[in-house]
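Novice: pasting the sequence and the predicted model now:
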Amino acid sequence: MTHGHSHLNITGSEPALSRMGRKAKRRAGLVLGAILVPIGVAAIVLMIVLWPSGKAADVQLSSPYAAAPGASIDTGKVQRTAQESCPGNATSPSSCLIAYTQPDAGGNPVPVLISPEIAKSPGVNAGDTLRYVNLSKLGPNQNGPAYVFMDFVRGVPMVLLALIYAVVVIAVARWRGLRALLGLIAAYLVLAFFILPGLVEGKPALLLAVVGSTVIMFGVLYFSHGLSARTSTALIGTLFGLAMTAGIAAWATGFTHLTGSSDHNAYQLQTVAGQLSLSGMITCGLIIAGLGVLNDVTITQSSAVWELYELAPESSARKLFSSAMRIGRDHIASTVYTIAFAYAGSALPVLIMVSLYHLPIFEALTSAELAEEIVRTLVGSIGLVLAIPVTTAVAVLVVKASGSRGQVAPAAIEPIITSLASTDQALVTRRSLTKGDQPGE
């Protein structure tokens with residue numbers, strides 16, 4: 001009678017293998033935590049140290065939307081428009097666009113003078129809501145129009161557009177989309193209450209940008225995508241890209257002599273806040289400008305590694321890295337276009353002005369009007385390109401070390417199963433010999 005068959009029960013070994021998988025996953029989590037926790041704690045401590053003192057509130061800048069003494073800024077809805085003689089210039093043959101507007105405060109419609117550039121494009125039509133300067137209270141000797149167009153009231157359209165955007169995001173991305181929107185609000189709070197006041201108070205711009213961006217990325221990534229090894233991997237890649245961007249931005253600002261003096265808004269800021277550094281503000285802007293795209297490529301690359309591993313868990317680390325990098329290279333190419341076209345679309349007036357200067361192309365590109373935006377594009381692109389291979393490498397190491405969904409990879413399980421099978425066979429043979437059975441009977 002032969003007792004030399006194996007009694008190995010693979011199912012019985014699954015709890016042990018599962019425990020090994022959980023231990024591997026826990027070890028990977030500890031390594032990620034050892035990297036990220038000190039960075040997060042340091043960022044919070046530095047944020048507390050650098051938190052604005054409130055002196056920025058003492059800096060006063062006259063608002064372009066403030067009315068002169070004796071005048072007021074009113075709102076109303078346009079009832080009709082007409083081409084009439086320009087108010088205060090009755091002897092001139094030229095005509096002006098007049099919008100008869102019903103004041104929101106009540107009373108009879110008033111003739112609001114529309115400026116020529118607005119009359120030409122986009123124009124004013126019945127039903128539009130306007131904000132206009134009311135000069136009628138200055139007295140009868142007022143020379144010129146009594147009501148002058150100031151701006152459109154865009155509150156309702158913009159709120160409606162924001163609601164549509166939120167509905168679309170939540171409908172498609174569901175709970176994760178809602179969390180992303182809340183994370184975006186939190187990011188803007190950090191920008192509004194930490195980075196901007198800190199810049200006005202003259203605090204180190206590079207440190208403000210790095211600390212604020214680090215806190216933003218910790219909050220946005222974990223809140224939007226959940227606390228997981230996949231998110232932690234993306235965060236490590238993001239922080240690496242952020243560090244590279246910060247270093248290159250600090251160097252590029254001085255190397256390319258970006259002064260910020262060509263921007264009249266920046267120049268006006270320095271006149272009222274002498275402690276504010278224009279070059280520091282540019283450096284801070286270079287870092288913050290790349291955060292969104294940087295976050296995008298790292299979380300996408302991390303997810304790509306995990307999905308590729310799910311499809312082919314037996315793949316070697318080298319093969320998994322190569323496959324993920326093919327996706328990353330496509331992402332790099334598309335992101336370069338994204339950044340460049342985003343700038344071109346937002347800066348069309350500047351591009352048109354520079355083109356009308358009829359300068360040689362190289363001189364135009366290196367002019368003060370374009371240099372800052374081009375450097376911003378290049379710096380942000382370098383940071384995100386460097387972040388992709390680092391994110392991919394970290395993701396491959398983590399996913400191969402811990403396995404997917406808490407399980408050990410099949411390639412790692414196979415030697416264990418073989419060893420267990422050999423051990424089980426040896427035990428059976430030993431039992432058979434003890435009972436007096438001869439092998440091969």
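Specialist: Everything's here; your move.

Novice: how close does the closest residue to L182 other than its chain neighbours get to R154?
Specialist: Using CB to CB, 6 or more residues apart in numbering and skipping residues adjacent in sequence, the residue nearest L182 is F223, 6.9 Å away. Where you see a C-beta, it was placed from the backbone N, CA and C, and this is true even at glycine. F223 sits 30 Å away from R154, going by CB to CB, to the nearest Å.

Novice: then D330?
Specialist: Taking CB to CB, one finds D330 at 38 Å from R154.

Novice: what of H331?
Specialist: 35 Å.

Novice: who's more crowded, the two?
Specialist: H331 (20 against 11; other CB atoms under 10 Å).

Novice: list phi and psi for L206.
Specialist: phi -60, psi -40 (degrees, to the nearest 10).

Novice: sorry, wrong one. I was asking about Y132.
Specialist: phi -140, psi 160.

Novice: please apply the same query to S95.
Specialist: The phi/psi pair for S95 (degrees, to the nearest 10) is phi -120, psi 160.

Novice: secondary structure class for the residue lying closest to it once chain neighbours are set aside?
Specialist: Spatial nearest neighbour of S95, chain neighbours left out: Q83 (4.7 Å); criterion: CB to CB, 6+ apart. Under DSSP: H, G, I helix; E, B strand; the rest coil, Q83 falls in the strand class.

Novice: which ones are touching Q83?
Specialist: Counting by CB atoms under 8 Å, 6 or more residues apart in numbering, Q83 touches S95, C96, L97, I98.

Novice: shouldn't the residue nearest to L182 be within a helix?
Specialist: Yes: judged by three-state DSSP, F223 forms part of a helix.

Novice: and for it, the neighbour number?
Specialist: 18.

Novice: local confidence estimate at it?
Specialist: F223 is assigned a pLDDT of 89 by the prediction.

Novice: show me what contacts it?
Specialist: R179, L182, G183, A186.

Novice: show me which of these are buried.
Specialist: Using 16 or more other CB atoms under 10 Å as the burial test, the contacts of F223 include R179, G183 as buried.

Novice: right, and out of the contacts of F223, which lies closest to G70?
Specialist: A186 (43.0 Å; CB to CB).

Novice: can you tell me, leaving aside adjacent residues, what's nearest to that closest one?
Specialist: G219 (5.6 Å).

Novice: so the one you found sits against Y188, correct?
Specialist: No: using CB atoms under 8 Å, G219 is not in contact with Y188, being 11.6 Å away.

Novice: neighbour count winner among those two?
Specialist: Legend: neighbour count by other CB under 10 Å for G219 and Y188, higher for G219 (17 against 11).

Novice: check for me that the more buried one belongs to a strand.
Specialist: No: secondary structure assignment places G219 outside any strand; it is helix (three-state DSSP).

Novice: which residues touch it?
Specialist: So G219 contacts G183, A186, A187, V190 (CB under 8 Å, 6+ apart).

Novice: which strand or helix spans the second one?
Specialist: Assigned by DSSP states H and E, A186 falls within helix 155-190.

Novice: any idea which helix or strand comes after that helix?
Specialist: Scanning forward in sequence from helix 155-190 by DSSP H and E, the next helix or strand is helix 196-200.

Novice: could you give the average pLDDT over that next one?
Specialist: 89.

Novice: cool, stretch 319-327 as well?
Specialist: 92.

Novice: quick one on the thing from earlier: could you dump the contacts of Q83 to TSV with distance to L161?
Specialist: Shown next, in TSV, are these (distance: CB to CB, whole Å):
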residue	distance to L161
S95	35
C96	31
L97	27
I98	30
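
Novice: quick one: low-confidence residue ranges for the stretch 151-300 of the chain.
Specialist: 260-267, 270-274 (pLDDT under 70).

Novice: identify the bridge partners of the residue nearest to S95.
Specialist: Per DSSP bridges, the residues bridged to Q83 are L97.
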